[in-house]
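Engineer: pasting a predicted model and its sequence here:
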Amino acid sequence: MSSKRVLRRHLCFVLLVLLGGQSARAADLDKTKLAEIDAAVAGAIKRGECPGAVVAVVHADAVVYRKAFGNRSVKPDEAVMTPDAVFDMASLTKPVATGTSVMLLVQQGKLKPEDLVSKHWPEFAANGKDKVTVEHLLLHTSGLIADNDIRDYADGRAKALERVAGLKLEAPAGTRFKYSDVGFIVLGELVERLSGTPLDQFAKKNVFEPLKMTDSGYSPAAALKARVAPTGPRDGGIILGAVHDPRAFKMGGVAGHAGLFSTADDMVRYCRMLLRDGELDGVRVLDAKTVKLFTEPHDVPVADKAPKGLKGSRSFGWDVDTSFSAPRGDRFKKGEGYGHTGFTGTSVWVDPRSKTAIIILTNRVHPSDKGNASPLRREVANIVAAAVGEKK
């Protein structure tokens, strides 16, 4: 037998093994167990934790669950939730828009995680911030305050950024983990400075359009507003189609920490891209090594002076294992996956080990800025983990 025929047979065998393995993973899915998500969401709605929700589950590169529940709107008028509802993603903006954009700049050689922020934004060095790096911002270990005074945003975007650059640190860089909107506002500004393009436009051109995330972006157009899930109260009315976060709102709707709108279907595409090491439908958005850099865990100190062993875990824009890990539930293995939540009631959890992603989109802040998505996140994660064979 010729060497070429041997090679062809060997390649065919490898392909069959790979395809067989993928089929086996899909076959292991307990779809009966997945059906328990229906009752979990119905219970959350009945308890008043959210008016409605859209839940999607990806497993072995396929959408194995996708369903809408309850109402998209209850005030001023009722409207039924639909699977294509557009949600204010709140802090999911941090990894999906800003974090991905930062990773693209790293991939392009324009930025390094170890870069001092002041290298690219000299004014930021003011008041002892000269040692803060891009990595510190991504891991929320910069020492910056969680949120500065809303009055700092009263005079427009440029003045707000000037005031952010003038802030003092609450703790030395690298000495504690404290979740910071301000840190991602800084990262959003770095994207614009290094790319020469505003964050919303950079993310649209380099992330959302290549991935065919057609309903994702900042400041949704009028054509999308008929599908937007309203959020909380503002100025005597209900917010619809404008960002809920007050600081992002004052910055014109575009900021590194909040402002993104998206749908469950678009988030499915984004998560599939990550699970496929940066490629989807023949289009590569991130290199495999960039996805690894983006998602691999780093220990972070959970207090200013953390006792030995008292650590949490974050990746460059994602939660891994901290007090923000409700979307992981109790069955997925700690340290193996990553995810994020949004204040409005949104969340994503990705578990590469089982090739699974869970997208839960609610507008729990509608209509009165109340509600609680955390119990639902945990319950759905546990159901999905059981369905894909994860043990407690």
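Structural biologist: It's in. Predicted model, so just to flag it, every value in this text is computed and none were measured.
Engineer: just the strands in the stretch 51-200 of the chain please.
Structural biologist: Along the stretch 51-200 of the chain, counting by DSSP state E, counting those that start in this stretch, strands occupy 52-59, 62-73, 79-80, 87-88.
Engineer: identify whichever of those strands lies nearest to Ala39.
Structural biologist: strand 62-73 (10.5 Å; CB to CB). (Each C-beta comes from the backbone N, C-alpha and C, glycine too.)
Engineer: and that closest one, which residues are buried?
Structural biologist: Across strand 62-73, burial judged by 16 or more other CB atoms under 10 Å covers Val63, Val64, Tyr65, Lys67, Ala68, Phe69, Gly70, Asn71, Arg72, Ser73.
Engineer: farthest-apart pair in these, please.
Structural biologist: Val64 and Ser73 (28.3 Å).
Engineer: residue boundaries of the helices in the stretch 51-200 of the chain?
Structural biologist: Using DSSP state H, counting those that start in this stretch, the helices of the stretch 51-200 of the chain run over residues 93, 100-107, 117-120, 134-139, 157-165, 181-195, 199-203.
Engineer: scratch that, the stretch 251-392 of the chain
Structural biologist: 264-275, 288-295, 374-387.
Engineer: so which of those gets nearest Asn148?
Structural biologist: helix 374-387 (25.8 Å).
Engineer: now render the buried residues of strand 62-73 as JSON lines, adding pLDDT and distance to Leu194.
Structural biologist: Converted to JSON lines, the buried residues of strand 62-73 look like this (pLDDT from 0 to 100; distance: CB to CB, whole Å):
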{"residue": "Val63", "pLDDT": "98", "distance to Leu194": "35"}
{"residue": "Val64", "pLDDT": "98", "distance to Leu194": "39"}
{"residue": "Tyr65", "pLDDT": "98", "distance to Leu194": "39"}
{"residue": "Lys67", "pLDDT": "98", "distance to Leu194": "40"}
{"residue": "Ala68", "pLDDT": "98", "distance to Leu194": "39"}
{"residue": "Phe69", "pLDDT": "98", "distance to Leu194": "41"}
{"residue": "Gly70", "pLDDT": "98", "distance to Leu194": "42"}
{"residue": "Asn71", "pLDDT": "98", "distance to Leu194": "42"}
{"residue": "Arg72", "pLDDT": "98", "distance to Leu194": "38"}
{"residue": "Ser73", "pLDDT": "98", "distance to Leu194": "39"}
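Engineer: closest one of the residues you listed to Pro327?
Structural biologist: Closest to Pro327, out of all of these and judged by CB to CB, is Tyr65, at 15.3 Å.
Engineer: partners of the closest residue to that closest one other than its chain neighbours in the sheet?
Structural biologist: The shortest distance from Tyr65 to any residue other than its chain neighbours is 4.0 Å, reached at Val57 (CB to CB, 6 or more residues apart in numbering). With DSSP bridges as the criterion, Val57 is bridged to Tyr65, Ile358.
Engineer: quick one: Val57 and Leu361, what's the gap?
Structural biologist: Distance of Val57 to Leu361, computed by CB to CB, to the nearest Å: 13 Å.
Engineer: okay, how far is it across stretch 232-246, tip to tip?
Structural biologist: 11 Å (CA to CA, to the nearest Å).
Engineer: how about Leu224, secondary structure?
Structural biologist: What DSSP: H, G, I helix; E, B strand; the rest coil gives for Leu224 is helix.
Engineer: double-check it against Thr263; I have them as touching.
Structural biologist: No. Contact between Leu224 and Thr263 fails when scored by CB atoms under 8 Å: they sit 9.3 Å apart.
Engineer: between the two, which contacts overlap?
Structural biologist: Shared contacts of Leu224 and Thr263 (CB atoms under 8 Å, 6 or more residues apart in numbering): Val86, Asp215.
Engineer: who has more neighbours, these two?
Structural biologist: More neighbours surround Thr263 than the other of Leu224 and Thr263, with 26 against 18 (other CB atoms under 10 Å).
Engineer: show me the contacts for that one.
Structural biologist: Contacts of Thr263 by CB under 8 Å, 6+ apart are Val54, Asp84, Ala85, Val86, Phe87, Asp215, Ser216, Arg227, Leu361.
Engineer: do Lys391 as well
Structural biologist: Residues in contact with Lys391 (CB under 8 Å, 6+ apart) are Arg331.
Engineer: quick one: it from Arg331, how far?
Structural biologist: Distance from Lys391 to Arg331, by CB to CB: 7 Å.
Engineer: count of neighbours near Arg47?
Structural biologist: There are 12 residues near Arg47, going by other CB under 10 Å.
Engineer: equivalent analysis for Asp130, please.
Structural biologist: By other CB under 10 Å, 13 other residues sit near Asp130.
Engineer: which non-adjacent residue is nearest it?
Structural biologist: That would be Ser118: by CB to CB, 6+ apart, it lies 5.5 Å from Asp130.
Engineer: before we move on, back to that, higher neighbour count, Val57 and Leu361?
Structural biologist: The residue with more neighbours, out of Val57 and Leu361, is Leu361; 31 against 25, by other CB under 10 Å.
Engineer: wait, that one touches Val86, no?
Structural biologist: No. The criterion here is CB under 8 Å, and Leu361 misses it with Val86 at 9.3 Å.
Engineer: identify the contacts common to those two.
Structural biologist: What both Leu361 and Val86 touch, as defined by CB under 8 Å, 6+ apart, is the set Ala229, Thr263.
Engineer: on that earlier part again, make a markdown table out of the helices of the stretch 51-200 of the chain and add mean neighbour count and mean pLDDT.
Structural biologist: Shown next, in a markdown table, are the helices of the stretch 51-200 of the chain (neighbours: other CB atoms under 10 Å; pLDDT from 0 to 100):
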| stretch | mean neighbour count | mean pLDDT |
| --- | --- | --- |
| helix 93 | 32 | 99 |
| helix 100-107 | 23 | 98 |
| helix 117-120 | 18 | 98 |
| helix 134-139 | 24 | 98 |
| helix 157-165 | 16 | 98 |
| helix 181-195 | 23 | 98 |
| helix 199-203 | 22 | 98 |
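Engineer: thanks a lot, catch you later.
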